[in-house]
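Enquirer: mind looking at a prediction? Sequence and model below.
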Amino acid sequence: MKVVSIAGLGHHVGSEVLVQGWLYNKRSSGKVRFVLVRDGTGIVQGVVGPGVDAQVFALADTLPQEASLKMGGMVRAEPRAPGGFELAVTYLEPIHVPTTPFPIGLKEHGVGFLMAHRHLWIRSRRQTPLLRIRDATLWAIRSFFRERGFVATEAPVLVGTSVEGTTTLFPLDYFGTPAYLSQSGQLYLEATCAALGKVYWIGPVFRAEKSKTRRHLIEFWMAEAEQAFLDHNGNLALQEDLVRYVVESVVAERSRDLAEVERDPALLLQEVKEPFARITYDEAVAAIWDRGVAMEVGDDFGAPAEDALSHLFGRPVFVERFPASIKPFYMKRDPERPDRVLCADLIAPEGYGEIIGGSQRVDTEEELLAQLREANLPPEPYQWYTDLRRWGSVPHSGFGLGVERTVQWLTGTTHIRETIPFPRTLDRLYP
Ligand code: 4AD
Ligand code: MG
């Protein structure tokens, strides 16, 4: 019998095949046993009828949840079965039979218990499609940049300076020198962008953030791009193209998984069909007030404000030109209004919040030194970054897309912890 993947069963209707996987669940109905097997690509129902070998029938009766096994039989189309196909089982071969019950039963468990068993929880019905959609998202980002001629490059994770403010730095001891885990690869991408023109990376970044929200991780993945000779408007156009491309690719590639997590692909496509909305920070504050959420002009958006913005348009919205005082030192001032910067946050619809932060970058040495001073940052550790403004400085812009926030929106997942295999949150480092 040919070994096939569960996702590919549709190509083998009428043939005898072998699937290899883990027993997910079982049920019985009279003289028939239904064995649900998952293999990482999907779930298939094996039907063990009364005609089969007594030994096979006995195995179907006794094998416990998460036993690993091989299951062989004829593929049949069955619209009511998960995935649309089933196996008329003639062969069962256990590989490893657990002797203690699998801790994660099919009943509801509390979040604390599930998180403590994350290494096993990822095997379950909702988690596997989520992780496949994450994979499709990352591939879509890579293909987009590759098609656009961006060079994949890397930023270091061990660094000597802050990018996004000093309050969320993770300090560590680098052989006697203070060092940190990187909050963003941006500064290094600005250097590689002056070497290669258009660059991107996808890597882990760290924020020692004491926020315990459903949108914050301590360690998360960022897809960051930087392009020479790109201005603020070009930057927004690039981000919009990327987000639309990612949504369309994920919907095309992972429709079955989206259905499995009960996310409507038509809604996602609808949300990115029209040009994204664009409002200024000041317009955003007014809209937030309209929705009855309190904040001051000059404040950053808290979770309720971001929520309000997220529900305004039914599609992603760029909030542009924030006050310089609440944004990092590297952003270029708006020439029309020097207390504002040429930046934008992209807010996803339906309450999923900010998925991208980006800006045009300061491109003269004088402005950079002045802005470092205003941010109370010493110039010496940023000497190399200042050098980029000394030799062939050009207008350049870039952005960082939060991979987990994006997967959260694409999959309609309430809490960010389910969008990464092993989430790092304020209160959890295990497993
Ligand atoms: O807006 P942020 O902080 O921007 C930067 O770090 C820039 N240096 C990026 C750049 O221009 N190259 O972070 C970018 C995105 C946010 O929009 C959000 O999606 C995500 O990263 N993000 C988080 N995701 C999960 N948990 C957290 N604690 C996050 N903080 C930011
Ligand atoms: Mg941001």
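Expert: Arrived safely. Ligands and ions are numbered 1, 2, ... in the order given.
Enquirer: flag every residue of the chain that's near ligand 1.
Expert: Taking C-beta under 6 Å from any ligand atom as the criterion, the chain approaches ligand 1 at residues 163-164, 184, 186, 207, 209, 216-217, 220, 222, 224, 354-358, 398-400, 402, 404-405. Bear in mind the C-beta positions are built from the backbone N, C-alpha and C, glycine included.
Enquirer: helix or strand: which one has residue 22?
Expert: strand 16-29 (DSSP states H and E).
Enquirer: by contact count, what packs against that strand?
Expert: strand 2-3, strand 32-38, strand 68-77, strand 85-96 (3 or more C-beta pairs under 8 Å, 6 or more residues apart in numbering; DSSP states H and E).
Enquirer: a markdown table for the ones you listed, including mean neighbour count and mean pLDDT?
Expert: What follows is the helices and strands packed on strand 16-29, written out as a markdown table (neighbours: other C-beta atoms under 10 Å; pLDDT from 0 to 100):
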| stretch | mean neighbour count | mean pLDDT |
| --- | --- | --- |
| strand 2-3 | 10 | 98 |
| strand 32-38 | 21 | 97 |
| strand 68-77 | 19 | 98 |
| strand 85-96 | 18 | 98 |
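Enquirer: which among these is found nearest to residue 421?
Expert: Ranking these by proximity to residue 421 (C-beta to C-beta) places strand 32-38 first, at 16.3 Å.
Enquirer: parallel or antiparallel, list what pairs with the closest one.
Expert: Strands that pair with strand 32-38, judged by DSSP bridges, come out as strand 16-29 (antiparallel), strand 43-48 (antiparallel).
Enquirer: most packed of the ones you listed?
Expert: Mean neighbour count, computed with mean count of other C-beta atoms under 10 Å, is highest for strand 43-48 among the strands paired with strand 32-38, reaching a mean of 24.
Enquirer: export it as PDB, just CAs?
Expert: Output of strand 43-48 as PDB, limited to C-alpha atoms (Å, rounded to 0.1, in the frame of the first residue of the first chain):
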ATOM      1  CA  ILE A  43      -7.600  14.500  10.000                       C
ATOM      2  CA  VAL A  44      -9.200  11.400   8.400                       C
ATOM      3  CA  GLN A  45     -11.900   9.100   9.600                       C
ATOM      4  CA  GLY A  46     -11.100   5.400   9.300                       C
ATOM      5  CA  VAL A  47     -14.200   3.200   9.200                       C
ATOM      6  CA  VAL A  48     -13.700  -0.200  10.700                       C
END
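Enquirer: what about the following helix or strand past it, distance to the chain center?
Expert: Going down the chain from strand 43-48, the next helix or strand is helix 54-62, by DSSP H and E. Offset of helix 54-62 from its chain centre (C-alpha atoms, centre = their mean, to the nearest Å): 42 Å.
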